[in-house]
Structure formats: C-alpha cells, structure tokens
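K.L.:
task: produce atomic coordinates for the following.
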Amino acid sequence: MKALIISITLSMLLALGAVDAYGLSKNEIKIAARQASVQPSFFIPIIKAYFATIPEEKEQTREALKAEMAELMEKRIKEEIKKAADDASESRYLTTLTTIEQYGVRGKSRQEIALGAIVPEHARFPEKVLVVKKVKTENITAWEKEYEKDVLTISETTGVSLSKAKDMLTSLLAAGYQITKDTEEPDAEVVLLHFSGWDDVYPTTLQWEVRIDGGPNLIRGYDPRGILIVQTLPEDQNGEIQRAYVKAGFFDLKKRFKDRPYAEITLEREKKELEEKIKTLEKKLKKKEEKEPVKRDITNATMYDVMYGYVILERYYARTGASGVYLGNMKASSEMSGYSWGNYHVLNSEYKGIVLTNSHVVSYIYGLGMYVSKDKQTMWIILPAHSYIRYTQNSDTFGSPAHLLVIDGVPVDSYDNDCAILMTSPIPGYEKYAAKLGDSDLVEEGLEVVAVGSPMMIQKQLTEGIISNTNYSLLKSPLADSWLSSGISRRAYEWVAASSFWVDTTQGAGGSSGSPVIALEGSQKGRVVALRNMGIVSRHTIAKPLAKQTLSPAYLTEKIGNGPLRIVLPANKDLLFQDFSYKSAVYSVDAEEIAGEDETLETILQSGSKQDVAGLNGCVPINNIKSFLAERGLDLEKFGTKRLSGKYWTK
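P.N.:
From the prediction side, this is the model:
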C-alpha cells in the first residue's frame, strides 16, 4: 500500500515537473502519453448545387448513330479477317539472306560468336548449312566406306536421302570441299554451304567471316541457332577477349510484318482521329439543324434557377478528426481571442486548455472554398467547420468546443512549421496530465519513442518504434521532382520541408496528423520531441461520413433573395444550416453519392498537398515549433520546457 502511494505521488510530481522524467519507466511514459493525447474533431458543412436535368439527344439521332456505328464496325471486322487470312497464307520472311557487318564484336566465349546479339529479335537464321573445308579436288568413282559418316552428315543437315547425299558428296569432293573433320590439312579454309531446297546439288556458298585486324577467317563451324564456332579468340593486354569483325546473314521479315516505330503508329492514329473529327463536323454542317443550346455552367446559376427547379441544392455535414497533444492550461490575456464558426467562448480572465496540432488540421476551421466539376454541372461549397476537442476515448460525440487561438488579431498558425494552437474549456484537475515539450536537438537516431494518434477517428492508438532520422527532407529525394516540376504551392512546399524528423511508429491511415512523438529513453525521456504530420496515408480518410438534407427553394429564395449561388450561399451559411444541426445529423451517407465523375469528396476535403510514405512517419522537430510559439508571445516554461537560449536569437 505504501509503495502504491509513493508510485502515485511520484507520477503526479513528475507530471507537474517537480521530479525529473528520468524516474519514469517506459510503461509509465506510455500511460502519460495516452493521457496527454487528444482528438480534434470537425463537423464540416457542405452545399452541393447541380442542374436538375441535362438535355438529351433526339431518339432518332441516337438510333441512326447506333446503326452507323454497327455498319462501320462490321466493315472493319471483315477487313481485319481478310487481312489476317492473307497474312497466314503468305511467307513472312524474305527469300534471300540479309547481310550484316559488325565491327568490334566481342564473343560470349573464346570459341563462339552469338549472331543473335547483333541482329533484330525477329531474325531467322539459315538451317541447312553444311560445314566443309576447302582442300584439293578428288575424283571418286566408286563408293568408299570411309565416307559413310560424311554421307550421314549431309543427309541429316540437308534433309535428303542417303543416295542423294552420296551424289552431293561426290560433287563436293570434286569441287575441292571436304566435310570438316580432322584432316591432313588442319589450317584449310572452312566454308559454309547453304542448301535452300531438297535437291540442291550445288548449294550457295555463304561469304561469312570472323576476322581480327584483317587476319585469317576464324570460322570453324556453325550452329543453326545462330552461333558461329570459331578458332580460339586471343585476349588483349587486359585479359579480355579481343573484338572481331563479323560478317554474316539472316532471313529478315518482310516490311509489312515488321513492328512499326511508335512514332509512326502514333501519327497514323492521330491522322485517323483527325479524319473522324472532320467527318463529324461535316455531318453537323450538312444537317442544318437548330443550334445546339449553350452548355450550362453551374457557376453562373442563380437563386432563381433554384426557385424554378433548374438547380437542386443539397446540404451535407462531413465528420472528420485528427490528433493533438494537450499542453496544459493558459490564462487568456486581453490581446487573445479565438476563431471558430458556431462555437462561442468568453475569454476574458479565463484559463483555457491548450492543444498543439498541425496547421493543415486546423485549416478545416477556415473553410475550404468552392469546387466545380470539370463538366461545370456540379458545384460544392465547403464552409468553415464546427470544431471540438475530445480528451478521452469515452468522451461524448463532440467533447469540448474548440477555437483557433488568435493573438493580436492573427491566428497562432504556422504553415512553415505545420503547427497551430487550439484552445478549449479547461477540465478541472486535468492539468497534471499535460505533456512536456523536450529538446529535439538532444535526441539521436535509433532511440526508442512512442506516439499516440487517432487513425480513422479511432482514439488513443499507441505505437512504439525508433527515431529513423532527425534531419531529412523529402525535398532531397527523387519524389521532389514531380512536385517541383508541377508547380508546388508555397504552403505545400513548406509542409513537406517541415517534415524533417522521421520515426517508424506506424499509426495507420487518416487522423494521425498532430500525434505527439515522445522519447522513451535518453536525456529527453518522457518529453515530446516531435509532432507527426506525414505518414502511411497522409490524408483524412472518410468512410460514410456524411449527413444529408435537401433545401426548400421557395424558403431560400425568400430569405436570401436572388444572386449567383457561388456568392450568396457562402454569405448566408448560418441561414442555410439554421434548421439542420450537425449535432442531430445521422452520418450514414457514402461520399461517392455526392461525388462527380472526376472528383470524390475525399479529394475535395484534403486540406493540402499530401504524399504517401510507406512504413514511416514524417514529423516536425519540436524545437522548430517551440521557436514559433516563443515568437508569437507564448511562455515556453508554461509547457514544461526552457526558454530559448541566446544562441537562437542570434540566428
């Protein structure tokens, strides 16, 4: 019992800063991290405006077009069938060999030259090639046993009968050729004879060569797979096989069967497309029908279009969340105020709960503007969100109303460091659970850390890992090429540049932005050393987040009056949602139900440029955030850390 009291007292003193964090065990740090982690929650109002009907083509025109397309398709199919039949019945290769000459060929081995490496992939090499040696002529008047193997070689190579092979051997010997084998003349010149048919008594002599520096022909044999067998090739002074001059040949494809260059195919396709467009334009001119009505643009629609039923308006609420870290309570001074739509606080002389999160998280509070589909038929107007802080996983649906802290009329919100301060009503007795800010310059790579976030709005999910890198920007990686070449915005650039601190505490998709990263060991043990702002999927993933309700045209027109929707709807946001409360709304509609063909609500609700980084989490070093908070007039000692040293102010 005494040990329990001591443990509880120590934990409380440690949370209050009375005892140094070295006394905490890793498990106690994890518990404290979970207690300090909170969830900013947002309810985003959305107006969807779209045309009620789209003009359809006349049925006769559509049927005629179908018939024309069917006729054209049938004609093309017949042409392709005929072309395929012609191709099948025709020899694909040329009947004569194509000669190739290549200088500087280096063999794969010292006895072989692979012709396949210097000819096109579609090449076919001659098959009936007899390898002979040039010797003195001989006349044979009777069949001799010693030439039996030569007869078999000729028969197998050329595919003729034995009797025909005997006649061919007699002619070869008479012409001064001998079937290659060990002879009395080992240096005799080797000749390749090509038999193109079954009865070639007089074959074609292949004028093929392999020479080094103009020396003798080194060919000593031939493999029908396209391999020349040569004398052992010498090595150069570096021990590599010397390069040779090679002259050989292959059967080439006829031009119509060769693969055409990509540029030629592209030009031909573009030519056909242009011809089709010209035909279409000519048909439209010949029809002399009524002029096609001007395509409607939703950005030009007015409240009268809504009143007369040409445009339909729908209201939605999207619910999303992120992560943050509770830094304790702070007394609100006269120069401080708060910004939020629909939530109200009296700030004078009151303490407020302070929550640190990312700048791209609090951008929901500002509102995300207007988005129009590519076909100009649909428009979404996204309005400033209702914002809350949920302290525990058992908080009610909303938690405590939250404001973006404003000092001297300017929000405490830094794009450059991707950080912002939210404030909410303080909870009595909760101050002891406030996180303490550490010094990110004093941690090293490899140290163990813990992070607590709310992926997919599932609160207080704790993961453990190590510090992977303390100073690395994705702008140093090849990923930056695509961003910079496409014209990345300054805010997106700063968001990427701020993420220079990396940990492998994988937290899951969506809602983990703003998670505190807390050291489990080292001099900063138990303190926040970084704030996560990039990860496995760095966007707020929303599954069935929407509540839907249609607006009454007559009611709206009477209250709002006429005017372009893109102007009057944002200006009357309170009136638009007056009878549609986010607190009583049922969030059961899929985002796809209101998305256009070229956009989804998940894309629209992204608050900035995002990059998926598998396996790692990018974070902002806590010292960068501390310097911003100090310059905005916040006392760092209130957050359990030291004031900035003089070295900082000389930068």
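K.L.:
give me the number of residues near the closest residue to residue 37 other than its chain neighbours?
P.N.:
Using C-beta to C-beta, 6 or more residues apart in numbering and skipping residues adjacent in sequence, the residue nearest residue 37 is residue 452, 3.7 Å away. Yep, even glycine has a C-beta here, placed from its N, CA and C like the rest. Using other C-beta atoms under 10 Å, residue 452 has 28 other residues around it.
K.L.:
got it, and the one 3 residues further on?
P.N.:
When neighbours are counted by other C-beta under 10 Å, residue 455 registers 24.
K.L.:
repeat that for residue 321.
P.N.:
When neighbours are defined as other C-beta under 10 Å, residue 321 has 26 of them.
K.L.:
pLDDT value on residue 91, please?
P.N.:
With respect to pLDDT, residue 91 scores 80.
K.L.:
name the nearest residue to it, ignoring sequence neighbours.
P.N.:
Nearest residue to residue 91 in three dimensions, chain neighbours excluded: residue 254, at 8.0 Å (C-beta to C-beta, 6+ apart).
K.L.:
ok, the one you found - how many residues close by?
P.N.:
Look at residue 254: counted by other C-beta under 10 Å, it has 12 neighbours.
K.L.:
domains in the protein, by residue range?
P.N.:
According to automatic domain parsing, the chain comprises the domains 19-51+302-649, 98-253.
K.L.:
now the end-to-end length of the shortest one.
P.N.:
In this case it means domain 98-253. Terminal residues of domain 98-253 lie 10 Å apart, using C-alpha to C-alpha, to the nearest Å.
K.L.:
what bridges to the residue nearest to residue 37?
P.N.:
Counting by DSSP bridges, residue 452 forms beta bridges with residue 462.
K.L.:
hang on, the earlier thing: ok, now how distant is the residue nearest to residue 91 from residue 124?
P.N.:
12 Å (C-beta to C-beta, to the nearest Å).
K.L.:
show me where pLDDT drops low in the stretch 201-350 of the chain?
P.N.:
Where the stretch 201-350 of the chain drops to pLDDT under 70, the residues are 201, 286-294, 342-349.
K.L.:
which residue ranges of it form strands?
P.N.:
Shown for the stretch 201-350 of the chain, the strands assigned by DSSP state E, counting those that start in this stretch span residues 204-206, 209-211, 219-223, 227-230, 244-250, 311-321, 324-331, 336-339.
K.L.:
equivalent analysis for the stretch 351-500 of the chain, please.
P.N.:
Going by DSSP E, counting those that start in this stretch, the stretch 351-500 of the chain shows strands at 351-357, 369-372, 378-382, 386-390, 400-407, 410-411, 413-414, 419-424, 448-453, 461-469.
K.L.:
residue 461 is in contact with residue 454, correct?
P.N.:
Yes. Counting by C-beta atoms under 8 Å, residue 454 touches residue 461, with 6.7 Å between them.
K.L.:
pick out whichever of the two has more residues nearby.
P.N.:
residue 454 (28 against 20).
K.L.:
give me the pLDDT for the more buried one.
P.N.:
Listed pLDDT for residue 454 reads 85.
K.L.:
after the helix or strand of the chain with the lowest mean pLDDT, heading C-terminal, what element do we hit next?
P.N.:
Lowest by mean pLDDT, DSSP states H and E among the helices and strands of the chain is helix 2-15, with a mean of 41. Where DSSP states H and E defines the elements, the next helix or strand beyond helix 2-15 is helix 26-36.
K.L.:
and the next helix or strand past that following helix?
P.N.:
Note on helix 26-36: by DSSP H and E, the next helix or strand toward the C-terminus is strand 37-51.
K.L.:
just the angle for that following strand relative to strand 386-390, thanks.
P.N.:
Interaxial angle, strand 37-51 versus strand 386-390 (axes from the mean of the first three to the mean of the last three C-alpha atoms, to 10 degrees): 160 degrees.
K.L.:
what pairs with strand 37-51, parallel or antiparallel?
P.N.:
As defined by DSSP bridges, the strand partners of strand 37-51 come to strand 311-321 (antiparallel), strand 324-331 (antiparallel), strand 378-382 (antiparallel), strand 386-390 (antiparallel).
K.L.:
redo these as CSV? Include distance to residue 362.
P.N.:
Output for the strands paired with strand 37-51, formatted as CSV (distance: least, C-beta to C-beta, whole Å):
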stretch, distance to residue 362
strand 311-321, 12
strand 324-331, 9
strand 378-382, 15
strand 386-390, 8
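K.L.:
so which of these gets nearest residue 409?
P.N.:
Closest approach to residue 409 among the strands paired with strand 37-51 is made by strand 324-331 (18.3 Å; C-beta to C-beta).
K.L.:
in that closest one, which residues are buried?
P.N.:
324-330 (16 or more other C-beta atoms under 10 Å).
K.L.:
before we move on, what about stretch 211-219?
P.N.:
If you call a residue buried by 16+ other C-beta under 10 Å, then stretch 211-219 has these buried ones: 212, 217-219.
K.L.:
now do the same end-to-end measure for that stretch.
P.N.:
Taking C-alpha to C-alpha, the first and last residues of stretch 211-219 lie 8 Å apart.
K.L.:
how far does that stretch sit from the chain's center?
P.N.:
Centre-to-centre, stretch 211-219 and its host chain are 54 Å apart (C-alpha atoms, centre = their mean, to the nearest Å).
K.L.:
could you do stretch 83-103 as well?
P.N.:
With C-alpha atoms, centre = their mean, you get 43 Å for stretch 83-103.
K.L.:
what sits in contact with each of residue 254 and residue 124?
P.N.:
Common contact partners of residue 254 and residue 124 (C-beta atoms under 8 Å, 6 or more residues apart in numbering): residue 93.
K.L.:
re the thing from before, closest one to residue 25 among the strands paired with strand 37-51?
P.N.:
strand 324-331 (20.6 Å).
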